[in-house]
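Undergrad: Any chance you can model this:
(2 chains)
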There are 2 protein chains.
Amino acid sequence: MRRAMALARAAAEAGEVPVGAVVVDTASGAVIAAAHNRVEAERDPTAHAEILAIRAAGDRLGSPRLAGCDLYVTLEPCPMCAQAIAFARLRRLYFAAYDPKGGGVEHGPRIFTQPTCHHRPEIYGGIGEGEAAAMLRAFFARRRD
Amino acid sequence: MRRAMALARAAAEAGEVPVGAVVVDTASGAVIAAAHNRVEAERDPTAHAEILAIRAAGDRLGSPRLAGCDLYVTLEPCPMCAQAIAFARLRRLYFAAYDPKGGGVEHGPRIFTQPTCHHRPEIYGGIGEGEAAAMLRAFFARRRD
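TA: Presented below is the predicted three-dimensional model:
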């Protein structure tokens, strides 16, 4: 999660919403892929940290299915990213800040509880929540100035 | 939608789930981007036709927001793609076959009705449904052989 936090800080410095994500091999703990939000840089509404990390991990492992991997992310995934996590069959999801306005795991559609969702990872929310939430608050406060 | 159907057929021939998507400029009717499912080819669980078409359209128009565009797709978008459509602020969504098992527009989480969804396109479902549904049925029947 420390690595994901550092990526979130880098995103903020680049003018992107500060979210970082890391895909880790469950057995070895090795980092398979890491990314931060790049929606503005890529001009791509789907370029959330989780999507970019999952795409890079699939590319590196040679499979769209990442059943032996876990995901660490600094913000509760949105519904798009939660469904991507289900498609990728990630084993565990660790996230930091909860997101009542845009989250799709513990809020809104609660993607993993839906009958149309065919894989549910183990979920651990709120890990390092204070730091991630402070970073997001500072970012949006600066943007409003 | 005819173009999207042709892309879906090309996907099936390439061993991918037959879904095609086209982003069209609302005012001129010009095709901005078109794609078919490439999950297996790209080893990317997020490489659904809609995601690829939205990414290509953002790249072509130089913006992650596609407010002046419509999307045509041969299958009801899944929750991941529905949320991506919301983020892209697409004006209208036209889709062919309904997807009770995996759809996220009229089934499952019904993404556009959620309080965490901040843009809802106009939605027109069932256009060319018979052709798209037959293509999907034939594809999955062959895969089971």
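
Undergrad: only C-alpha atoms for contact and neighbour calcs from this point on.
TA: OK.

Undergrad: Can you check the pLDDT for A:Val31?
TA: Note on A:Val31: pLDDT of 98.

Undergrad: Once you drop chain neighbours, what's closest to A:Tyr98?
TA: A:Glu76 (5.1 Å; CA to CA, 6 or more residues apart in numbering or on different chains).

Undergrad: Strands of chain A, start to end?
TA: A:20-25, A:31-36, A:69-75, A:92-97, A:122-125 (DSSP state E).

Undergrad: In TSV, list these along with distance to B:Tyr98 and mean neighbour count.
TA: Below are these laid out as TSV (distance: least, CA to CA, whole Å; neighbours: other CA atoms under 10 Å in any protein chain shown):
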stretch	distance to B:Tyr98	mean neighbour count
strand A:20-25	33	26
strand A:31-36	34	23
strand A:69-75	31	29
strand A:92-97	30	23
strand A:122-125	30	14
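
Undergrad: residues from chain A in reach of chain B?
TA: A:39-40, A:42-46, A:51, A:54-55, A:58-59, A:62-65, A:79-84, A:87-88, A:100-104, A:107-111, A:114-117 (CA under 8 Å from any CA of the partner chain).

Undergrad: Report the buried members of the residues you listed.
TA: Applying a neighbour-count criterion of 16 or more other CA atoms under 10 Å in any protein chain shown, the buried members of those are A:39-40, A:42-46, A:51, A:54-55, A:58-59, A:63-65, A:79-84, A:87-88, A:102-104, A:107-111, A:116-117.

Undergrad: Point out the ones among those residues that are inside helices.
TA: Counted as lying in helices by DSSP state H, out of those, are A:39-40, A:42, A:51, A:54-55, A:58-59, A:79-84, A:87-88.

Undergrad: Wait, A:Ile127 touches A:Glu76, no?
TA: No - the pair A:Ile127 / A:Glu76 is not scored as a contact, 10.5 Å apart, by CA atoms under 8 Å.

Undergrad: so what's the residue of chain A found nearest chain B up against?
TA: Chain A approaches chain B most closely through A:Met80 (3.8 Å), counting by CA to the nearest CA. By CA atoms under 8 Å, 6 or more residues apart in numbering or on different chains, A:Met80 lies in contact with A:Gly104, B:Pro79, B:Met80, B:Cys81, B:Ala82, B:Gln83, B:Ala84.

Undergrad: So for the lengthiest helix in chain A, mean pLDDT?
TA: With secondary structure taken from DSSP H, chain A has its longest helix at helix A:129-144. Here helix A:129-144 scores 92 as its mean pLDDT.

Undergrad: and the angle for that helix with strand A:20-25?
TA: Here helix A:129-144 points in a direction 140 degrees away from that of strand A:20-25 (axes from the mean of the first three to the mean of the last three CA atoms, to 10 degrees).

Undergrad: which other helices and strands contact helix A:129-144?
TA: helix A:2-13, strand A:69-75, strand A:92-97 (3 or more CA pairs under 8 Å, 6 or more residues apart in numbering or on different chains; DSSP states H and E).

Undergrad: for stretch A:98-105, the distance to its chain's centre please.
TA: 12 Å (CA atoms, centre = their mean, to the nearest Å).

Undergrad: contacts for the longest helix of chain A?
TA: Residues contacting helix A:129-144 (CA under 8 Å, 6+ apart): A:Met5, A:Arg9, A:Ala12, A:Val17, A:Pro18, A:Thr74, A:Leu75, A:Ala96, A:Ala97, A:Tyr98.

Undergrad: Please report how far the fourth one lies from B:Cys69.
TA: Read that as A:Val17. Distance, A:Val17 to B:Cys69, by CA to CA, to the nearest Å: 25 Å.

Undergrad: do the same with A:Gly20
TA: Taking CA to CA, one finds A:Gly20 at 30 Å from B:Cys69.

Undergrad: Same question for A:Ala27.
TA: 45 Å.

Undergrad: mind listing what A:Pro64 touches?
TA: A:Arg55, A:Gly58, A:Ala88, B:Val39, B:Glu40, B:Glu42, B:Arg43, B:Asp44, B:Pro45.

Undergrad: pLDDT at the fourth one, what is it?
TA: The pLDDT attached to B:Val39 in the predicted structure is 96.

Undergrad: For chain A, which element, helix or strand, carries the lowest mean pLDDT?
TA: Between all helices and strands in chain A, the lowest mean by mean pLDDT, DSSP states H and E belongs to helix A:129-144, at a mean of 92.

Undergrad: what angle do that helix and strand A:92-97 make?
TA: With the same axes, to 10 degrees defining the directions, helix A:129-144 sits at 50 degrees from strand A:92-97.

Undergrad: which residues of chain A score low on pLDDT?
TA: Within chain A, no range satisfies pLDDT under 70.
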